[in-house]
Structure formats: structure tokens, C-alpha cells
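1. could you look at this predicted model? Sequence included:
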Amino acid sequence: MRSSPLRSFPVALVALLAGAVGMGACSSITETNQTLQKYGGVNFVAKRTASGQGSATATVVAFESIGLQVPNSSLQQNDQCVYAAVDTLPQTARGDRSAGDAVAVVVGGNTRQLAYSTADLRYATPVGSPIVYSAGDIAQVNIPGNGSAFPAISGSVKLAEPLVLDTLTLPSNGQNLTITWNGTNDATAAIILQLKYPNPVSSTYANEQIYCALKDDGSVVLPGGLLNPFQVATTKRSLTIVRWRTNFVTANGANLHLTSSIDTTVVFP
């Protein structure tokens, strides 16, 4: 059985996949297919650059897989949290075949052609040349196909709106933590929240986290009891919040999974 190249996507999507696995017993945010199929994986990873504006890198891979689990943001509309390890291994997106010479990505009326890299087995925006977009923009992705290796397929995903966290104040030990942001109240969007910290406190890096899958409604209250290991560790602590959206298209004997995410991080002194 081949492992899925989706598990080698950049950090934001890897976090989503890790969360889906870690929360499998209490949440249903993935869809599973048990037959060998052709997949295209499209990943937009963005940062906020200005009010209502984001800057995204794009990665596209083509591959075959069996038993693949793919994240579905529309299925994560409840708030759930678990303790989880922090994965610090570097991740690189790689497919196992070409799906044509170049993939066309259309955002805001502008078209970008992402050439195929035989060395990296993927399509990607060049370093230093991200896709700039505004809140509400949709990315249309057109894969030309490559004979019997991979068919032509197209799909779109609404790009994740830039995140803005409200002023955050850490509570006293045992008290609840309220976190608020510019929620979309959109059922196609969801939030990943990660509170990272060292455990034990002598660890030289943040190796553990409180990992929450949340509805994008703009607020969550984390109970004081859940925060105990985070509060005990008074250094090397951070909060990362990720907004993500997905879409899944099936056509011409292939599947196209599209993901868009944007994140922001607060480091605590």
C-alpha cells in the first residue's frame, strides 16, 4: 500500500492531517476511500499581509493511493480539543507522476502557470513569488492531464480569509482562557488551534500541544483544567490559529482534493 503524498504537504495541512488522525476517536472530519485511485492534491498556504489580504504559496501533486483519508472542513463544525505531540519534522510535498506540463491557477482574474518539476515531482509557486489575494477570492485550478498517467481535472476552493486575533490575555492558573478572532460563520470553513508548550518544563523546545478543532464562529473558551500543562510551562509557549477550507471533486476517473489555509502565531514571553 502506498502512503499518501498528502501527508508530506506543508506545515498547515500536515497539522490538519495530524489532527484528523489524533481526533479520529471523537470526530469525523475525514472521508475514506478503500480502492486504488488517482488523486490530485492542491494546497494553498497563506499568511495575512494587509487588512483583508493574504499571500499564498501553492503546491499541486498527482499520485495514486488506497485507503486515503482527506480532511473535510465542512465536517468539522463542533469544538473539540485533545493533548497531542508536536511534530517538528520537516515536510515536503511530493507526488509520484506528472499530470501535464503545467497547472493553471486562476485567482482574481489573474492566471498563474505552475510548471512541473521532475526533480520534486510536483507543481509549486516559485520561491518569492506567492499568489496575492483578497478576502472572498476563489482559486480555480485546472490540471491538463497526462495521458493514462493522470486525466484532466479542474476544481476550485474559496481561499481562507486573513485571520485577525483579538487582544489575548493569559489567565491565572486554573482560570478559563477566552480566545476570539474574526470568525466567518461559514460552514465551509473551520479552525485549528494549537497551544504549544514544553512538557516536561525542562524540554528544550515545545514538544506538546493542546490541539483543538473548532467551528469558525469567532470564539472559544478553553477550561482552566485543560490548560494545566500549558500554565505550568512558563517559557517556550505559543498559540497558532489556522483557518482552513476544503473542496473535493471527482471527474474523469480521478479525484481532486483542494485545501486552503491561513494562520497566525502569537509567542508568549
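-> Happy to help now that I have it. Numbering: from 1, shown residues only.

2. CA atoms for contacts and neighbours, from now on please.
-> OK.

3. all helices of the stretch 1-150 of the chain, in order?
-> 11-22 (DSSP state H, counting those that start in this stretch).

4. Ala62: what's it in contact with?
-> Taking C-alpha atoms under 8 Å, 6 or more residues apart in numbering, we find Ala62 in contact with Lys38, Tyr39, Gly40, Gly41, Gly95, Asp96, Arg97, Ser98, Ala99, Arg122, Phe150.

5. what's the separation between it and Ser55?
-> 24 Å (C-alpha to C-alpha, to the nearest Å).

6. got it, and Pro223?
-> For Pro223, the distance to Ser55 - C-alpha to C-alpha - is 34 Å.

7. so which of the two has more stuff around it?
-> Ser55 (19 against 13; other C-alpha atoms under 10 Å).

8. these two touch, right, that one and Ala135?
-> No. Counting by C-alpha atoms under 8 Å, Ser55 does not reach Ala135; the two are 10.8 Å apart.

9. just the buried residues from the contacts of Ala62, in PyMOL please.
-> This is the PyMOL syntax for the buried subset of the contacts of Ala62, where burial follows 16 or more other C-alpha atoms under 10 Å:
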select buried, resi 38+39+40+41+95+96+97+98+99+122+150
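
10. which single one of the contacts of Ala62 is nearest to Tyr83?
-> Ranked by distance to Tyr83 (C-alpha to C-alpha), the contacts of Ala62 are led by Gly41 at 28.2 Å.

11. that closest one is in contact with Leu258, isn't it?
-> Yes. Counting by C-alpha under 8 Å, Gly41 touches Leu258, with 6.1 Å between them.

12. got any ranges where the chain has weak pLDDT?
-> 1-34 (pLDDT under 70).

13. hmm, 50 instead?
-> Low-confidence regions of the chain, defined by pLDDT under 50, span residues 1-28.

14. having no further points to raise, I will conclude here.
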